[in-house]
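K.L.:
Just the structure for this:
(chains A and B)
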Amino acid sequence: MDRELDMTGKTCPVPLIETRKILENMKRGDSITVTVDNETAVRNLSKMAAENQIECAAEKTSETSYAVTLTMTDTSRIPSADSASCTYADKTVVVLSSDKMGEGDDKLGAILMKGYIYALSGLERLPSTVILYNGGAKLSVFGSDSLEDLKLLESQGVEILTCGTCLNHYGLTGALGVGSITNMYVIAGKLSDADKVIKP
Amino acid sequence: MPEKIVFCKGGGCTAKLGPGALSSVLEKLPRPDDPNLLVGFQSSDDAAVYRLTDDLAVVMTLDFFPPMVEDPFLFGQIAAANALSDIYAMGADVKTALNIVCFPDTWDLNILGRILEGGLDKVNEAGGVLAGGHSIRDTEVKYGLSVTGTIHPDRIYANCGGNPGDILILTKPLGVGIVCAASRVGKASDKALSEAVGSMTTINKYASEAMRKYRVHACTDVTGFGFLGHLKEMLRDGCGADVDTLTVPFIREAAVYAREFIITAAAERNREYLQKYTEFMDVPFSMQELLFDPQTSGGLLIAVDPGDADALLSDIEALGLPCGIVGSFIQSPEKKILIR
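P.N.:
Residues are numbered from 1 along each chain as shown, chains lettered A, B, ... in the order given. Predicted coordinates for the structure are as follows:
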């Protein structure tokens, strides 16, 4: 299938968004030729193609016109903008047993844990569940630096479970900001049923 | 029945001419010869500074652009905060401001009224006085201010004065350009837009006053050339920068929108210009885009003595916006910026 899209007069991000909508429904071998009127749009479309392993060829067709042809290959992928990221086909559980990552300097540990949760939220494939207990329970309460990133994970389909006993112990009952409270039976079950358990 | 007004077509600091285009024109102009001009256009600094007496200099800047939000009052506030920012980046105090207005004469003048009210609101907050202005008819709306401030000639914070070892602190989160672009195409969440607007309407007065208590060696504000563009302007000969993206403050949803390629042409122009000066080490695409994203009314980027970094960061954190230590200056003969 060869499509055409005229984006003359449109400024970024419009050409990118409109092209992407069509790409979402394209299969291997399909191509789309997008007409734009500025070189910056050409470069942005080429960047989008490169990031998603889509073949891209651009040519200047007149003083103020460029044609950018994108062709889907075997390895091209264009996740739908509206759907959640894919999670692992198997059950991967991330366990956060502390609000710090690694040992040595606690201040660094807190920065690292914040960075880990943020980086996790941006991965192509996400875990099915994140379990937080002991010091980790402090990450999912209001006021936590990682609350927004955990919410981002949850919005993409990841289950966020925080140990209720731990919240009570730290005086944080009622302060949970994301996901749900769980108990040791569920935690034990999730860990046993998991195909992979990750503990950073 | 008036036709639907398209207020916002891609404005704010995305409307700036690219850094490459601008510098190629400016370098052809003859350099000024007046020893009282303490800061001129050669160093791409935030504002011009002219010495009047041994202890008084005037600081002058101007900024104006098309709208980046739909609401006229918010637009006025943001444009004013953006213009005032350059005064604060120099470490100066705001004294007077003049309106710069472009407005279609077929439009409802109440819209202009709301824009000017927004601008006045921020000039008042800055402790300055709005003293007049100039307006012309135009096919699209543009608004901003010409601002004058004062400073002691020995207390100017140039953009270029840091040393290897200095710690870099950013006082506001990145990503407002991306969020505004997403909003234009109907893809921004209310939360993301509210965070972006909250950041853009915050004037840099408080951060500027906080930094004056410490050994700050250089300061600029992050606007149209993006974080990396303005960081590059801070580099002296022999000095490069090391950026740790782990602690760069940014609006979370902006990273998600960047992954979906809701990015601007201005960001691409910034990226193209900075290619030879930047080296990315395994940094995801979305974070790269955040670092090139043009910011409207962005935060201050401060180079502070390492001994004062934690204390200054604490003071900035107390102001309530996401902020952080983003890296440091390093020795680098080629003035490279390493980003990891």
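K.L.:
Give me the domain ranges for chain A.
P.N.:
Per automatic domain parsing, the structural domains of chain A span A:2-71, A:92-198.
K.L.:
how about the strands in the chain?
P.N.:
Here I'm looking at chain A. A:2-6, A:31-36, A:55-62, A:65-71, A:92-96, A:129-132, A:159-163, A:180-182, A:196-198 (DSSP state E).
K.L.:
hmm, I had chain B in mind actually
P.N.:
Taking DSSP E to define them, one finds strands in chain B at B:37-39, B:48-53, B:56-65, B:93-103, B:129-137, B:142-151, B:167-170, B:216-221, B:239-243, B:278-280, B:300-304, B:324-331, B:337-339.
K.L.:
can you pull the contacts of the spatially most central residue of chain A?
P.N.:
Geometric centre of chain A, nearest residue: residue A:122, 3.6 Å, by CA atoms, centre = their mean. By CB atoms under 8 Å, 6 or more residues apart in numbering or on different chains, the contact list for residue A:122 reads B:255, B:259, B:284, B:286. The way it works is simple: take the backbone N, C-alpha and C, and place the C-beta from them, glycine included.
K.L.:
Neighbours of the first one, how many?
P.N.:
Summarising burial for residue B:255: neighbours were counted as other CB atoms under 10 Å in any protein chain shown, giving 23.
K.L.:
With the last one instead?
P.N.:
The burial count assigned to residue B:286 is 21, neighbours taken as other CB under 10 Å.
K.L.:
Please report the distance of it from residue B:308.
P.N.:
Distance, residue B:286 to residue B:308, by CB to CB, to the nearest Å: 32 Å.
K.L.:
Find the residue closest to residue 153 in space, skipping its chain neighbours.
P.N.:
The chain I'm using is chain A. Distances taken as CB to CB, 6 or more residues apart in numbering or on different chains place residue A:121 nearest to residue A:153, at 5.0 Å, with adjacent residues excluded.
K.L.:
oops, I was thinking of chain B
P.N.:
In space, and not counting its chain neighbours, residue B:153 is closest to residue B:57: 4.6 Å by CB to CB, 6+ apart.
K.L.:
can I assume that neighbour is in contact with residue B:49?
P.N.:
Yes. Taking CB atoms under 8 Å as the definition, residue B:57 is a contact partner of residue B:49 at 5.1 Å.
K.L.:
what touches both of those two?
P.N.:
Listed as contacting both residue B:57 and residue B:49 by CB under 8 Å, 6+ apart are B:38, B:151, B:153, B:156.
K.L.:
Identify whichever of the strands of chain B lies nearest to residue B:272.
P.N.:
Distance to residue B:272, taken as CB to CB, is lowest for strand B:278-280 among the strands of chain B, at 11.1 Å.
K.L.:
List the buried residues for that closest one?
P.N.:
By neighbour count on 16 or more other CB atoms under 10 Å in any protein chain shown, the buried set for strand B:278-280 is B:278, B:280.
K.L.:
To residue A:192, which of the strands of chain B lies closest?
P.N.:
strand B:324-331 (39.4 Å).
K.L.:
hey, which helix is longest across chain A?
P.N.:
Longest helix in chain A, counting residues (DSSP state H): helix A:106-121.
K.L.:
Show me how far that one is from its chain's centre.
P.N.:
Its chain's C-alpha centre lies 16 Å from the corresponding centre of helix A:106-121 when counted by CA atoms, centre = their mean, to the nearest Å.
K.L.:
That helix - contacts with which helices or strands?
P.N.:
strand A:92-96, helix A:147-155 (3 or more CB pairs under 8 Å, 6 or more residues apart in numbering or on different chains; DSSP states H and E).
K.L.:
pLDDT weak spots in chain B?
P.N.:
The model of chain B has pLDDT under 70 over residues B:1-10, B:14, B:43-44.
K.L.:
Around chain A, which positions in it sit nearby?
P.N.:
Applying CB under 8 Å from any CB of the partner chain, we find that chain B lies next to chain A at B:9-10, B:181-182, B:185, B:187, B:246-247, B:252, B:255-256, B:259-265, B:268-269, B:272, B:284-286.
K.L.:
Chain B contacts on chain A?
P.N.:
So far as CB under 8 Å from any CB goes, chain A lies against chain B at A:11-14, A:16-17, A:20, A:38, A:40-41, A:43-44, A:47-48, A:51, A:81, A:111-112, A:114-115, A:118, A:121-122, A:148-149, A:152.
K.L.:
Now do the same contact list for residue A:121.
P.N.:
Residues near residue A:121 by CB under 8 Å, 6+ apart: A:149-150, A:152-153, A:156, B:252.
K.L.:
and if we set it to 6 Å?
P.N.:
Residues near residue A:121 by CB atoms under 6 Å, 6 or more residues apart in numbering or on different chains: A:149, A:152-153.
K.L.:
Residue B:236 contacts residue B:160, correct?
P.N.:
Yes. Between residue B:236 and residue B:160 there is a contact under CB atoms under 6 Å: 5.5 Å.
K.L.:
I'd like to know how many residues surround residue B:275.
P.N.:
Residue B:275, neighbours per other CB under 10 Å, totals 9.
K.L.:
Need the phi and psi values for the residue nearest to the centre of chain A.
P.N.:
Dihedral angles of residue A:122 (phi, psi; degrees, to the nearest 10) stand at phi -100, psi 0.
K.L.:
mind checking pLDDT for it?
P.N.:
Looking at residue A:122, its pLDDT is 81.
K.L.:
Any stretches of chain A with poor pLDDT?
P.N.:
In chain A (pLDDT under 70), the answer is A:79-89.
K.L.:
Let me have the strands of chain B in TSV, extended by distance to residue A:69.
P.N.:
As requested, the strands of chain B are exported to TSV (distance: least, CB to CB, whole Å):
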stretch	distance to residue A:69
strand B:37-39	49
strand B:48-53	48
strand B:56-65	34
strand B:93-103	39
strand B:129-137	43
strand B:142-151	37
strand B:167-170	40
strand B:216-221	41
strand B:239-243	36
strand B:278-280	28
strand B:300-304	40
strand B:324-331	39
strand B:337-339	32
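K.L.:
among those, which is nearest residue A:164?
P.N.:
Between residue A:164 and the strands of chain B, the tightest spacing by CB to CB is seen for strand B:324-331, at 32.5 Å.
K.L.:
that older thread, chain A: which of the shared contacts of residue B:57 and residue B:49 is nearest?
P.N.:
residue B:156 (33.2 Å; CB to the nearest CB).
K.L.:
How about the contacts made by that closest one?
P.N.:
Applying CB under 6 Å, 6+ apart, we find residue B:156 in contact with B:49, B:90.
K.L.:
That one and residue B:46, how far apart?
P.N.:
10 Å.
K.L.:
Find residues that contact each of the two.
P.N.:
Here residue B:156 and residue B:46 have residue B:90 as joint contacts, going by CB under 6 Å, 6+ apart.
K.L.:
re earlier: ranking the contacts of residue A:121 by neighbours, who comes first?
P.N.:
For these, the largest number of neighbours (other CB under 10 Å) sits with residue A:153, at 26 neighbours.
K.L.:
Next one: that residue from chain B, what distance?
P.N.:
11 Å (CB to the nearest CB, to the nearest Å).
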